[in-house]
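Enquirer: Turn this into a structure:
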Amino acid sequence: MILMSSPAFADGSAGSSAVDQILGAVDLSTVTTFIGTTGVVIVGIALAVKGISLAKRLVSRA
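Expert: The predicted structure follows:
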């Protein structure tokens, strides 16, 4: 994740094209934090649903 937070074009020259301005305006550290948090939430929900179904199966067999 450290590599993703560094600038995409780190050649040292001051670019003034539209692409350079757009890439400069986006803070990739917040984007990576959001994506990581969203992934953890999705995995947590999936594990919770799976845990409930496993508990139901164990109760029905008991």
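Enquirer: low-scoring stretches of this protein, by residue?
Expert: Applying pLDDT under 70 to the chain flags residues 1-15.
Enquirer: where does Ser16 land in three-state SS?
Expert: For Ser16, the secondary structure call by DSSP: H, G, I helix; E, B strand; the rest coil comes out as coil.
Enquirer: For Ser17, what are phi and psi?
Expert: Per-residue torsions, Ser17: phi -80, psi 170 (degrees, to the nearest 10).
Enquirer: What about it, how many residues nearby?
Expert: Ser17 has 8 neighbours, counted by other Cβ atoms under 10 Å. Yep, even glycine has a C-beta here, placed from its N, CA and C like the rest.
Enquirer: change the start of the numbering to 392 and stick with it
Expert: With 392 as the first residue, the last one maps to Ser408.
Enquirer: which residues sit in contact with it?
Expert: Residues in contact with Ser408 (Cβ atoms under 8 Å, 6 or more residues apart in numbering): none are found.
Enquirer: and if we set it to 10 Å?
Expert: Contact partners of Ser408, counting by Cβ atoms under 10 Å, 6 or more residues apart in numbering, are Leu414.
Enquirer: Please consider this matter closed, and thank you.
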